[in-house]
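Engineer: predicted coordinates and the sequence they were generated for:
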Amino acid sequence: MACPLETQLGHRFRNPSLLQLALTHPSWGHERKQPSPHNERLEFLGDAVLELAISDHLYHLFPDMPEGHLTKMRAHLVNRSALTEMAKEVNLGDHLLLGKAEAAHGGRERPSNLANAMEAVIGAIFLDGGYTAARAFAIAQVDPRLKKLSDNPEPENAKGILQERLHAVGLNPVYRITSETGPAHRKQFEAQVEVHGRVVGKGAGLTKKEAETRAAMSALSALRSRESGSVAA
């Protein structure tokens, strides 16, 4: 019978010790002053498997997209922030094996711990079920994010693109952080972008910059939708 985490991951391990190893932080054995395997080697492996799986997926999904755009899209899908979000979505932090000191200092919510553990889980799935299983898992994690990126393969430049488009018609975007929630080590920001006092896009993220970028992406998506409607009409 699959454990709750295996159900969330969508993969039942033939060798459960691999999943346990993927969840074992170096502090677990260090605090006990005894040699203990931890997840850093699986993290190394998972990083390579994830990059290959997503490169493979994007290459076939966008046959006409230039290499530069594919590279930027992949970087956005598998960066540390994205990995942290993936880990949070399956509550990976609740299952980490941490030393008491690391746990007491927010180790279950620490972005680096979560991102590293997510890569280690991918490495564990690869060893347990092969490339096909690892690729399917990786794609399942990134596809919701990929859908948001399809209209804008350069999300890091969304604010610049929006500014250029608005400047062309004599307008300027104004960004506002509308809310800031959560503890200091796990802030969640919400932002909106306005034009002449009217909200044209909203977004959320783990930093103010990320929230503003997503607000700009939302505004660009709305602009494209209106333009498509005009053409169709």
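Structural biologist: Perfect, thanks for sending it. Residues are numbered from 1 along each chain as shown.
Engineer: quick one, longest helix in the chain?
Structural biologist: helix 111-149 (DSSP state H).
Engineer: in that one, what's buried?
Structural biologist: For helix 111-149, burial by neighbour count (16 or more other Cβ atoms under 10 Å) applies to 111, 113-129, 133-135, 137-138, 141-142, 145-146, 149. All C-beta spots, glycine's among them, are computed from the backbone N, C-alpha and C.
Engineer: so who does the residue sitting nearest the centre point of the chain touch?
Structural biologist: Centroid check for the chain by Cα atoms, centre = their mean gives Ala82 as the closest residue, at 1.5 Å. Shown in contact with Ala82 (Cβ atoms under 8 Å, 6 or more residues apart in numbering): 76, 142, 145.
Engineer: between those, which is closest to Gly170?
Structural biologist: His76 (30.8 Å; Cβ to Cβ).
Engineer: got the angle for the helix or strand hosting that closest one vs helix 111-149?
Structural biologist: Taking DSSP states H and E as the definition, His76 sits inside helix 67-78. Counting by axes from the mean of the first three to the mean of the last three Cα atoms, to 10 degrees, helix 67-78 lies at 130 degrees to helix 111-149.
Engineer: let's test this: mean pLDDT of helix 67-78, rounded?
Structural biologist: Mean per-residue pLDDT for helix 67-78: 84.
Engineer: would you mark the buried spots in it?
Structural biologist: In helix 67-78, counting by 16+ other Cβ under 10 Å, buried: 70, 72-74, 76-78.
Engineer: related to what we said a few turns ago, any idea how far the longest helix of the chain is from the middle of the chain?
Structural biologist: 10 Å (Cα atoms, centre = their mean, to the nearest Å).
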